[in-house]
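# just a sequence and a predicted model for now, questions to come.
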Amino acid sequence: MPSNEQRRAAAKRKLERQLARRAEQEKKRKRWMIAGSVVGVVVVAAAVTGVYFLTKGDDDTSTTATSQVPTTPFVNTPLDLPGPPAPAAKPATVDCTYPATQGEPPAKPVTAPTQTTGVATTGPEVKVAIDSTQGPIGLSLNSAEAPCTVNSFVSLAKQGYFDKTSCHRIVAKPQFGILQCGDPTASGMGGPGYAFNNEYPTDLYPLGDPALQTPVNYKRGVIAMANAGISPDGTGTNGSQFFLVFGDTTLPPNYTIFGTIDEAGLKTLDKVAGAGTKGGAEDGGPAMPISFNSVKVS
């Protein structure tokens with residue numbers, strides 16, 4: 001018969017296993033969450049804070065006739081709020097890490113970037129051409145500010161990871177305008193099977209700096225990574241999901257900015273934004289479905 005001490009030890013081990021399982025489940029539940037502060041549009045000097053969770057999108061890749069979806073012109077509401085500080089200079093090359101996400105296999109067959117050492121931060125911006133079902137979207141990726149992020153995006157694009165995928169979430173309102181893409185499952189839960197750390201502008205702040213909770217202006221035309229927050233040890237949760245900012249947006253500086261959108265792309269995004277969300281909510285799947293036929297790096 002086991003002693004009281006042995007029974008207590010067994011109970012402790014059981015509790016630890018239960019807590020570990022719960023922690024893992026909670027981590028998965030929060031995966032790919034975007035949390036941000038949204039400035040209220042009718043308050044003069046105060047802010048209304050809100051939390052935005054990813055919502056399940058639509059993986060329909062059909063080219064639904066846009067004439068069947070009512071649209072109104074999307075008008076950017078410029079924010080009277082500064083953007084992130086200027087980026088700090090990086091060495092000519094950096095090393096990147098892309099550890100596997102335990103229990104979260106790739107949403108689509110893909111491998112992590114093969115180049116992890118000597119990733120260049122110099123040279124011309126990387127050009128990306130997205131052929132979407134609603135029009136062209138051109139991107140310019142900035143390796144000088146976010147080399148590991150650009151390295152990952154380029155690797156995924158070259159493997160065809162983004163091809164035939166739908167953008168599952170849109171928020172189109174004054175002072176908050178994003179289209180979120182990069183999840184082959186179109187559920188808000190899919191990733192490439194690996195993760196990596198934040199870069200600009202998060203890397204300008206020490207870990208735990210209160211300024212990381214102070215909103216800044218993610219200006220119309222930037223591209224940023226979606227994530228599930230930063231763990232206490234500084235480990236990042238970036239994967240494949242990203243958001244295209246078509247309207248000045250208030251967020252804390254916890255989302256890596258890694259490029260910009262061209263004018264043709266902004267016109268495409270404005271058209272999709274003008275149709276709003278399914279059901280008319282402020283945050284949800286786009287009423288005008290948009291999918292990527294191909295994402296090509298030039």
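Sure, I can see it.

# make it CA atoms for all contacts and neighbour counts henceforth
Fine.

# quick one, helices of the stretch 1-150 of the chain?
Remark: helices assigned in the stretch 1-150 of the chain by DSSP state H, counting those that start in this stretch are 4-29, 147-158.

# by mean pLDDT, show me the worst of these.
Sorting those by mean pLDDT places helix 4-29 lowest, at a mean of 57.

# remind me which residues of the stretch 1-150 of the chain are low pLDDT?
Scanning the stretch 1-150 of the chain for pLDDT under 70 picks out 1-67.

# how far away from the center of its chain is stretch 86-104?
From the chain centre to the centre of stretch 86-104 is a distance of 16 Å (CA atoms, centre = their mean, to the nearest Å).

# restrict it to CA atoms and write it as CSV.
Output of stretch 86-104 as CSV, limited to C-alpha atoms (Å, rounded to 0.1, in the frame of the first residue of the first chain):
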residue,chain,number,x,y,z
ALA,A,86,12.7,55.3,-36.5
PRO,A,87,14.3,51.8,-36.8
ALA,A,88,17.8,51.2,-35.4
ALA,A,89,20.6,50.3,-37.8
LYS,A,90,21.4,46.6,-38.0
PRO,A,91,24.6,44.8,-38.9
ALA,A,92,25.1,43.8,-42.5
THR,A,93,23.9,40.2,-41.7
VAL,A,94,22.0,38.6,-38.9
ASP,A,95,21.2,35.1,-37.8
CYS,A,96,17.5,33.9,-37.5
THR,A,97,15.9,31.1,-35.7
TYR,A,98,12.6,29.4,-36.6
PRO,A,99,11.9,26.7,-34.0
ALA,A,100,9.1,24.2,-34.6
THR,A,101,5.8,24.9,-32.9
GLN,A,102,5.1,21.8,-30.8
GLY,A,103,1.6,20.2,-31.5
GLU,A,104,0.9,22.7,-34.3
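
# correct me, but residue 229 touches residue 254?
Yes: between residue 229 and residue 254 there is a contact under CA atoms under 8 Å: 7.3 Å.

# neighbour count: these two, which is higher?
Applying other CA atoms under 10 Å to residue 229 and residue 254 shows that residue 254 carries more neighbours, namely 29 against 20.

# SS state for the more buried one?
coil (DSSP: H, G, I helix; E, B strand; the rest coil).

# how about the residue nearest to it when sequence neighbours are not counted, phi and psi?
For residue 254, ignoring the flanking residues on the chain, the nearest one in space by CA to CA, 6 or more residues apart in numbering is residue 202 at 5.4 Å. For residue 202, the backbone dihedrals are phi -60, psi -30 (criterion: degrees, to the nearest 10).

# give me the number of neighbouring residues for residue 202.
Counted with other CA under 10 Å, residue 202 comes out at 21.

# surely it meets residue 212?
Yes: between residue 202 and residue 212 a contact is recorded at 7.3 Å, counting by CA under 8 Å.

# intersection of neighbour lists for these two?
Residues touching both residue 202 and residue 212 by CA atoms under 8 Å, 6 or more residues apart in numbering: 253, 254.
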